[in-house]
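[1] structure for this input, please:
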Amino acid sequence: MFLGARRLAEAPKSGSSSKLQILTQEKQAYAIPAVPEWKWKGGEMMRSIRQLSGRGVVANDGHIGHVKEFYFDDESWEVRYVVVDVGSWLRHREVILPPVAFAEPEDSDFRVDLTKKQVRESPETNTAKPISRQHQVELHQYFGWPAYWGGYEGYLGAEQVANPISEYRGEGETVLVEKNDQIHKGGNPKDPGTEPVDGVEVDPHLRSSGEVIGYHAHSLDGPVGDVADLIIDTRGWVIRYAAIDGRSHCEGKKTLISVDWIDRIHWKKSEVHVSVQKDDVCRAPEYDPKKPVSREQEEALHDLHGKDKYWVEGEAGSEKK
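    Coordinates of the predicted model:
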């Protein structure tokens, strides 16, 4: 069984607020299932979103579609959902599935502990619009998934301290700030996890990988290229790096920047701003999309920029779960 807390699916189907309360209570009562830790061939733990996109998704009783993109939290950079295109089977439909629904890929396919009937009868998701909290509640209740938004806990059941973290300032802009090495939450001050959009409660930090890839990247002293890809640490479904295509700025060289070094995202201008120097970005080890990111490459990258290493216990920004 990949999913946990099956009794969530038995909660009464009343108003959305009562559903959220039930899910929150149930989440506290049951252990949160751990995110699957994938061990790829050779032991590599880093995979790019472009590498994962297009892979087939197989249910207990057959193929249901392929991976289209990923939804992630722009505070913690945790992957919240995998968008699965099931259009070849269910016409004009996409479904979103959380990491806890997945097992380690077999060959090139992902496996989920679901049946085709469960997917067919699940609440429909319109990925062209912001995903409402009510729709998330309905999905998590239907499938029996734990709610990640209660108490700002991640899938591993512990509060995620991502430093820096976003704070909304101005129209269409996210500023990442530090505050005493603790989470400084932005958004709606009454409920930092949600804010209304056209009268509908949504998670303002839920972002699409397809939205961010292609954004222009700016260092402290000028542009350095475009975001060409995002790199996921499969030990906990956390985005660790953005791959930057230097084009004319770094002689076409592709390099990596840690998402922890991103201090501002301007969503309306499609810009990502990082707290590193342009020359350092261009001098960083070259990123080869055909090869997984190694620990040696990470070491060299962090040493060049003089940044703390997330995998070293006791350093600021130590490893996220």
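[2] drop to CA atoms for contacts and neighbour counts, all remaining ones
    OK.
[3] how about the helices in the chain?
    Per DSSP state H, the chain carries helices over the ranges 16-29, 49-52, 116-120, 133-143, 209-212, 278-283, 295-305.
[4] go through those helices and find the least confident stretch.
    Among the helices of the chain, helix 16-29 has the lowest mean pLDDT, at a mean of 38.
[5] my guess is residue 80 meets residue 72, correct?
    Yes. The criterion here is Cα atoms under 8 Å, and residue 80 meets it with residue 72 at 5.1 Å.
[6] list residues touching both of the two?
    Counting by Cα atoms under 8 Å, 6 or more residues apart in numbering, the shared contacts of residue 80 and residue 72 are residue 206.
[7] who is the nearest residue to residue 78 once chain neighbours are set aside paired with across the strands?
    Using Cα to Cα, 6 or more residues apart in numbering and skipping the chain neighbours, the partner closest in space to residue 78 is residue 238 (4.3 Å). Note on residue 238: beta-bridge partners residue 78, residue 233, judged by DSSP bridges.
[8] and residue 238, how many residues sit next to it?
    Residue 238 has 20 neighbours, counted by other Cα atoms under 10 Å.
[9] show me the contacts for it.
    When contacts are counted by Cα under 8 Å, 6+ apart, residue 238 touches 76, 77, 78, 79, 232, 320.
[10] need those in TSV with pLDDT, distance to residue 243 and neighbour count, can you?
    As requested, these are exported to TSV (pLDDT from 0 to 100; distance: Cα to Cα, whole Å; neighbours: other Cα atoms under 10 Å):
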residue	pLDDT	distance to residue 243	neighbour count
76	91	18	23
77	94	15	22
78	94	17	25
79	94	17	26
232	93	11	23
320	42	20	18
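[11] tell me the one among those nearest to residue 144.
    Using Cα to Cα, residue 79 comes nearest to residue 144 of those, at 18.4 Å.
[12] surely the closest one touches residue 239?
    Yes. The pair residue 79 / residue 239 is scored as a contact, 7.1 Å apart, by Cα under 8 Å.
[13] and the end-to-end length of stretch 272-288?
    21 Å (Cα to Cα, to the nearest Å).
[14] so which of the helices of the chain is nearest residue 220?
    Of the helices of the chain, nearest to residue 220 by Cα to Cα is helix 278-283, at 6.9 Å.
[15] now for the closest one, which elements pack on it?
    strand 222-233, strand 254-258 (3 or more Cα pairs under 8 Å, 6 or more residues apart in numbering; DSSP states H and E).
[16] nearest spatial neighbour of residue 61, skipping sequence neighbours?
    Nearest residue to residue 61 in three dimensions, chain neighbours excluded: residue 115, at 5.9 Å (Cα to Cα, 6+ apart).
[17] now do the contacts for the one you found.
    59, 60, 61, 62.
[18] could you report the distance from the last one to residue 121?
    When distances are taken as Cα to Cα, residue 62 and residue 121 turn out to be 16 Å apart.
[19] neighbour count winner among the two?
    residue 62 (12 against 9).
[20] any residues touching stretch 117-124, and which ones?
    So stretch 117-124 is in contact with 90, 93, 94, 95, 135, 138, 139, 142, 143, going by Cα under 8 Å, 6+ apart.
[21] ends of it, how far apart?
    Start-to-end span of stretch 117-124 (Cα to Cα) is 13 Å.
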